[in-house]
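**Q** Give me the fold of what follows.
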Amino acid sequence: MNKLAKICALSGILFTVLALPTAKACDVCGSGVGSYYLGILPNFNKRFVGLRYQQNRLQTHLGPTGNRTVNTADEQYQTIELWGAWNFGERWRVMAIVPYSFNRRDIGTGAQWAESGRKDGLGDVVAMGHYKLFENVHTTSNNKLLMQSLWIGGGIKVPTGTYDPSEQSRLGAGAANTFQLGTASTDFLINAAYDIRLMDAGININTTYKLNTENRYGYRYGSKIAINGLFYYKFNFKDKVRLSPNMGVMYESQPKDVLDNRFDVATSGGYSTIGIIGLEANIGRISLGGNFQTPLSQQLADGRIIAENRVMTHVSFSF
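**A** Numbering: from 1, shown residues only. As a prediction, this is how the structure comes out:
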């Protein structure tokens, strides 16, 4: 087996290992206190700073067969994130994400909303550090350039967002606790990002495990795993503009939330598989792009929650 075949086989094994579902269920994937999707980072040598916008929608408090009732809520989460990263030397990187959310909820059948509410404010701030385990660039036997890298790291999410304990108690011990700006808990993240590219075609694989702890109100969101794999192709126009269309799949999974360290929250937990299609662009030091995410399959809160489409856009500046 030649070197290229060995590398491709190793990449396939790595993708398979990362894509294994390590939990059986998922809390409201993509809610206002949900996932930290990184995707393909902007191209930068030293550091970058930018803004990201995300919009997620959920239908919550559905009936036992997934039907809408007078208690069903349409929840919309819009988040603007200030984010950036700084490379130290060839192998170290630090990253921070500061979110500000605009949450809206309408309860009722739609003909006449029984109740509407908003929660706007700072979310939970995230700081992460990464180490480049390896980077390899060489020419294959047929004179094509093959590049691959693997970054590993971890981080912390601090409880800077407002958590309303009356939200969960008002709805009952078994109800979904999604409509929050923060979790009121200090949580920990482990991340790995692998990228392999043959000439202009590449695959980016990113996995994050978020270990949630119990907050001071006795509530613990289930720890979450999120894995995404994206295929991309780079088009270079006169060495001034680079376009990278991409598409792939993301899997999110999370066990049920726990109340008072002993009671499972009935309408929580589950999984979702999400299709992603997007476009990244680099013009000098400016990077911008976006993607559209749509659920391919899901089973959230025993069918009492339905996740809808998501949208993400971003712009950043390297310096």
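**Q** C-alpha from now on. contacts and neighbour counts both.
**A** Fine.
**Q** Just grab the bridge partners of residue 74 for me.
**A** Beta-bridge partners for residue 74, by DSSP bridges, are residue 59, residue 106.
**Q** That one and residue 58 touch, don't they?
**A** Yes: taking contacts as CA atoms under 8 Å, residue 74 lies within contact range of residue 58: 6.0 Å.
**Q** Neighbour count for these two, which is higher?
**A** residue 58 (23 against 19; other CA atoms under 10 Å).
**Q** Tell me how far the residue nearest to that one when sequence neighbours are not counted lies from residue 70.
**A** Closest residue in space to residue 58, ignoring its immediate chain neighbours: residue 307 at 4.6 Å, by CA to CA, 6 or more residues apart in numbering. For residue 307, the distance to residue 70 equals 19 Å [CA to CA, to the nearest Å].
**Q** Those two - which one has more neighbours?
**A** Between residue 307 and residue 70, counting by other CA under 10 Å, residue 307 is the more crowded of the two (22 against 15).
**Q** per-residue confidence at the more buried one?
**A** Among the per-residue scores, residue 307 shows a pLDDT of 92.
**Q** hey, C-alpha coordinates of stretch 311-319 in PDB?
**A** C-alpha atoms of stretch 311-319 as PDB (Å, rounded to 0.1, in the frame of the first residue of the first chain):
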ATOM      1  CA  VAL A 311     -28.800  29.900   9.300                       C
ATOM      2  CA  MET A 312     -25.300  31.100  10.100                       C
ATOM      3  CA  THR A 313     -23.300  34.000   8.500                       C
ATOM      4  CA  HIS A 314     -20.000  35.500   9.500                       C
ATOM      5  CA  VAL A 315     -17.400  38.100   8.600                       C
ATOM      6  CA  SER A 316     -13.900  38.400  10.000                       C
ATOM      7  CA  PHE A 317     -10.600  40.400   9.600                       C
ATOM      8  CA  SER A 318      -7.200  38.900   9.800                       C
ATOM      9  CA  PHE A 319      -4.300  41.000  11.100                       C
END
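**Q** Give me the distance from it to the chain's centre.
**A** Averaging C-alpha positions (CA atoms, centre = their mean, to the nearest Å) puts stretch 311-319 16 Å from its chain's average.
**Q** Stretch 179-193 - what's its average pLDDT?
**A** Here stretch 179-193 scores 94 as its mean pLDDT.
**Q** Actually, stretch 83-98.
**A** What stretch 83-98 shows for mean pLDDT is 94.
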